[in-house]
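[1] What follows is a predicted structure for the sequence shown.
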Amino acid sequence: MYDTFLIAELIVSVLLIIVVVMQPTKTNNAASAFTGGAEQLFGKQKARGFEAVLQRVTVVLGIAFFVIALVLAYLSVG
């Protein structure tokens, strides 16, 4: 049982890394460093399409990562 969760943790962690790397960057140029990203604050828009899917998958994989880590910790103690 422990080995199954360990393999699942490994798979989820690799998928989480891949999904995070695939996400597009939010900054467009070096000028945002000087303005403090104010245009992003006032021009905030919801992610649509592929970006929204990547955000949801990232959240789900992150939650799965922590749940499996807690289960592994419980199994290793008990």
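    Everything's here; your move. This structure is a prediction, so every number in the text was calculated from the model and none was measured.

[2] where along the chain do the helices fall?
    For the chain, applying DSSP state H gives helices covering 2-22, 31-35, 38-42, 50-77.

[3] need these in CSV with mean neighbour count and mean pLDDT, can you?
    To be clear about C-beta, it is placed using only N, CA and C from the backbone, and glycine gets the same treatment. Output for the helices of the chain, formatted as CSV (neighbours: other C-beta atoms under 10 Å; pLDDT from 0 to 100):
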stretch, mean neighbour count, mean pLDDT
helix 2-22, 13, 95
helix 31-35, 10, 60
helix 38-42, 10, 58
helix 50-77, 13, 94
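
[4] where does R48 fall, phi/psi-wise?
    phi -130, psi 150 (degrees, to the nearest 10).

[5] ok, now how distant is it from T4?
    Separation of R48 from T4 (C-beta to C-beta, to the nearest Å): 37 Å.

[6] you'd agree A69 is up against E9?
    Yes - using C-beta atoms under 8 Å, A69 is in contact with E9, at 6.5 Å.

[7] Output stretch 49-63 as CSV - backbone C-alpha positions only.
    The C-alpha trace of stretch 49-63 is given here as CSV (Å, rounded to 0.1, in the frame of the first residue of the first chain):
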residue,chain,number,x,y,z
GLY,A,49,-9.3,28.7,-22.6
PHE,A,50,-6.1,26.8,-22.3
GLU,A,51,-4.8,29.0,-19.4
ALA,A,52,-7.9,28.3,-17.3
VAL,A,53,-7.5,24.6,-17.9
LEU,A,54,-3.9,24.8,-16.8
GLN,A,55,-4.8,26.7,-13.7
ARG,A,56,-7.4,24.2,-12.7
VAL,A,57,-5.1,21.2,-13.4
THR,A,58,-2.4,22.9,-11.3
VAL,A,59,-4.8,23.3,-8.4
VAL,A,60,-6.0,19.8,-8.6
LEU,A,61,-2.5,18.3,-8.8
GLY,A,62,-1.3,20.5,-5.9
ILE,A,63,-4.2,19.3,-3.7
